[in-house]
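**Student:** fold the following and give me the result.
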Amino acid sequence: MIWLGAALLSSAIGANEVFRVAIIDRFYPPVSGFNSAEAWGRHTALYGMFDLDDDTFNEPYYHGDVVRMIAADPRFVFLQYPLSGQMHPMQDILRNLRVVQARQATVPVDALVLSWESSTLVSEFDVPLSLGRVRHYKEIVRGWGEQYPEWRYTHDIILALEALVAEGVMVFTISGNGGRGMVNTFSFAEGVRTVGSVERELQHFIADNPFVDMRTRAAYQLTRVDDAAGDPRGYDIDGDGCVDIPLSKLTAGEGRNGDYPKHYWKTLKGSSFAAPAALKGLLLEGLADSC
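**Tutor:** Residues are numbered from 1 along each chain as shown. Alright, predicted model coming up:
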């Protein structure tokens, strides 16, 4: 029924219609802001994803910003739920999920992307994993939560994801980046779509198991976009020819001396980036990309 609903929603999206997508993640700038230039430098060095203009400062784009850009389309409206950084990440995710659920009556969302993981060894459960044993696996996680707060948060996150699915929200999470011996326990949430990678060369890195429902592109190389005169306009993340990162948003601005590289040397890779791609591909199936 969920897949049928997705197909109906996909076919219903038109030029004047929007689809509301919640993203729980870390975004730039942080919730607390910056109290000094030094604090900005430390924070962007820690959480910035790339330095396109080679000025030794990471650009003002964090993990959640990249997730949003990969999913971006004019037919989507994104509601960002930022991690505060003031508590355990699992507690922060749970807090945001409860806010999303509480706002469903007034600011409902159609889909949610959670490109985070709470992974552990597959050997902690059955080998091989069995879809039919998912309730037993959730009970194991619940038991861990009686001793360890992070697993208590994880179990509550699983329940919160299931509650959103029950309300008709399409939820996407990730298989995880620990390799084939690991499982993201968020994927135990029934009705949630867990997304892995199609790239064979990433099989050692990105987890794959029976709980993975979808597989799509998980590696992205940023490519410079030029105008008709050959002058650079910015960078495209997902290969659709659209400028996702304009030069004016780079830390050096448009005043950088020298050439901007045609392809950024660092490939962004991970199931974190497969999840938004899967959402976009599923909901806009058969529809042309639009900048």
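**Student:** residue boundaries of the helices in the stretch 151-291 of the chain?
**Tutor:** 271-283 (DSSP state H, counting those that start in this stretch).
**Student:** give me the low-pLDDT residue ranges for the stretch 1-150 of the chain?
**Tutor:** For the stretch 1-150 of the chain, residues meeting the criterion pLDDT under 70 lie at 1-16.
**Student:** now stretch 250-260: mean pLDDT?
**Tutor:** Confidence for stretch 250-260, expressed as mean pLDDT, is 73.
**Student:** contacts for stretch 74-88, please.
**Tutor:** 13, 15, 17-27, 30-32, 64, 68, 71-72, 89, 92-93, 95-96, 99-100, 107, 109, 149-150, 153, 280, 283-284, 287, 290-291 (C-beta atoms under 8 Å, 6 or more residues apart in numbering). Yep, even glycine has a C-beta here, placed from its N, CA and C like the rest.
**Student:** tell me which residue is most central in the protein.
**Tutor:** residue 115 (3.5 Å; C-alpha atoms, centre = their mean).
**Student:** contacts only, for the nearest residue to that residue once chain neighbours are set aside.
**Tutor:** Closest residue in space to residue 115, ignoring its immediate chain neighbours: residue 272 at 3.9 Å, by C-beta to C-beta, 6 or more residues apart in numbering. Residues near residue 272 by C-beta under 8 Å, 6+ apart: 63, 67, 115-116, 174, 177.
**Student:** residue 222 too?
**Tutor:** Shown in contact with residue 222 (C-beta under 8 Å, 6+ apart): 50, 52, 235-237, 245, 263-264, 268.
**Student:** next one: it from residue 52, what distance?
**Tutor:** Computed as C-beta to C-beta, to the nearest Å, the residue 222 to residue 52 distance reads 7 Å.
**Student:** where do the contact lists of the two overlap?
**Tutor:** 235, 245, 264.
**Student:** the first one: what's it in contact with?
**Tutor:** Just to be clear, that refers to residue 235. With contact taken as C-beta under 8 Å, 6+ apart, residue 235 is in contact with 52, 222-225, 243-245, 264.
**Student:** packing partners for the helix or strand harbouring residue 41?
**Tutor:** Using DSSP states H and E, residue 41 maps to helix 37-47. On a contact count with 3 or more C-beta pairs under 8 Å, 6 or more residues apart in numbering; DSSP states H and E, helix 37-47 meets no helix or strand.
**Student:** I'd say residue 40 and residue 30 touch.
**Tutor:** No - the criterion here is C-beta atoms under 8 Å, and residue 40 misses it with residue 30 at 9.7 Å.
**Student:** and stretch 83-98, which residues are buried?
**Tutor:** 83, 90-97 (16 or more other C-beta atoms under 10 Å).
**Student:** correction: stretch 106-122
**Tutor:** Buried residues in stretch 106-122, counted by 16+ other C-beta under 10 Å: 109-120, 122.
**Student:** distance between the ends of it?
**Tutor:** End-to-end distance of stretch 106-122 (C-alpha to C-alpha, to the nearest Å): 39 Å.
**Student:** any idea how far it is from the middle of the chain?
**Tutor:** When distances are taken as C-alpha atoms, centre = their mean, to the nearest Å, stretch 106-122 is centred 8 Å away from the chain's centroid.
**Student:** enumerate the beta-bridge partners assigned to the nearest residue to residue 114 once chain neighbours are set aside.
**Tutor:** Nearest residue to residue 114, sequence neighbours excluded (C-beta to C-beta, 6+ apart): residue 173, at 4.7 Å. Beta-bridge partners for residue 173, by DSSP bridges, are residue 114, residue 194.
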